[in-house]
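K.L.:
Could you look at this predicted model? Sequence included:
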Amino acid sequence: MVCCSAVLAQFILKERLHKLGILGCVMCISGSVIIVIHAPQERAISSVQEIWNMATQTAFLLYVGSVVVVVFILIFHFAPQCGSTNVLVFTGICSLMGSLSVMSVKALGTSLKLTFEGKNQLIFPETWFFMVVVAICVITQMNYLNKALDTFNTAVVSPIYYVMFTSLTILASVIMFKDWDGQSGGSIISEICGFIVVLSGTILLNVTKDYEGSSFRGIYHPPLSPSLSARLCSGNGELLKHDEENLVSSDEICLRRQELY
């Protein structure tokens, strides 16, 4: 998504993509390919109750409880005090709730898929429970993501949110679905390396997106306001005042100095 946004911005919005930004896109694509190649095969799920059993295991319940406690602390304690000055507050809330929303969306999507295949899952209360959780998580996530984007620069919010959200989602998936069970150590290390490459490319892409407008082109001196009067001090301490409507160039100042001395 980050790469597509960068490429479309160059062709549609005419925003020039710097060479380092192109490198960031290549890193994101390469890391994603590595993750896909070494990704574990998805387990076959026969009913929503099977997902419910995964969601109610002790390890995942501890994770959910920790997420809820941390989110409440961030919302009611840290957000009023330092939410407008610390980017980690709003992005932390979005990322924590996002990890739960991804798990709920996966459970709800599996339920709907089985229903369309002829195995009706809408008769189970677990399906409707996951639907409510999805609605709550998505609304909370979007609310605080908008606050983060309104308060801070997008170039700062995007990489931080991407890193935190992806990391927490992978952690929640490993706990709930046990994705790494049965995988070799080499595959796990490859996935971690691919993930690090994606994160590095994303950060590089966001950091360098305004590179062309930076001060590397040279020092820029803004023009002086015409309302300011230019004053030239002579050797006797007298001030030579010029018309406030016109600016005096450096060459004219030199000439006046020569005339005074």
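P.N.:
Sure thing, it's come through.

K.L.:
so where's the stretch 1-150 of the chain shaky on pLDDT?
P.N.:
Low-confidence segments of the stretch 1-150 of the chain (pLDDT under 70): 1-18, 21, 39-43.

K.L.:
Any buried residues in the host helix or strand of V157, and which?
P.N.:
Here V157 sits within helix 154-177, counting by DSSP states H and E. Counting neighbours by 16 or more other C-beta atoms under 10 Å, one finds that the buried residues in helix 154-177 are 157-166, 168-170, 172-177. (Glycine included, C-beta is placed from N, CA and C.)

K.L.:
what's the answer for stretch 104-119, then?
P.N.:
Neighbour-count burial for stretch 104-119 [16+ other C-beta under 10 Å]: 104-108, 110-111, 114.

K.L.:
and which of those residues is nearest F152?
P.N.:
Relative to F152, the closest of these is V105; by C-beta to C-beta it sits at 26.5 Å.

K.L.:
Mind telling me what element the residue lying closest to the closest one once chain neighbours are set aside is part of?
P.N.:
Residue nearest to V105 in three dimensions, not counting chain neighbours: V134, with 5.6 Å by C-beta to C-beta, 6 or more residues apart in numbering. Per DSSP H and E, V134 falls inside helix 125-151.

K.L.:
and that helix, what does it pack onto?
P.N.:
helix 48-55, helix 87-116, helix 154-177 (3 or more C-beta pairs under 8 Å, 6 or more residues apart in numbering; DSSP states H and E).

K.L.:
quick check: angle from the second one to helix 125-151?
P.N.:
Going by axes from the mean of the first three to the mean of the last three C-alpha atoms, to 10 degrees, helix 87-116 is angled at 150 degrees with respect to helix 125-151.

K.L.:
and H77, how many residues sit next to it?
P.N.:
11 (other C-beta atoms under 10 Å).

K.L.:
Any figure for the gap between it and V69?
P.N.:
11 Å (C-beta to C-beta, to the nearest Å).

K.L.:
And for P159?
P.N.:
Applying C-beta to C-beta to P159 and V69 gives a distance of 26 Å.
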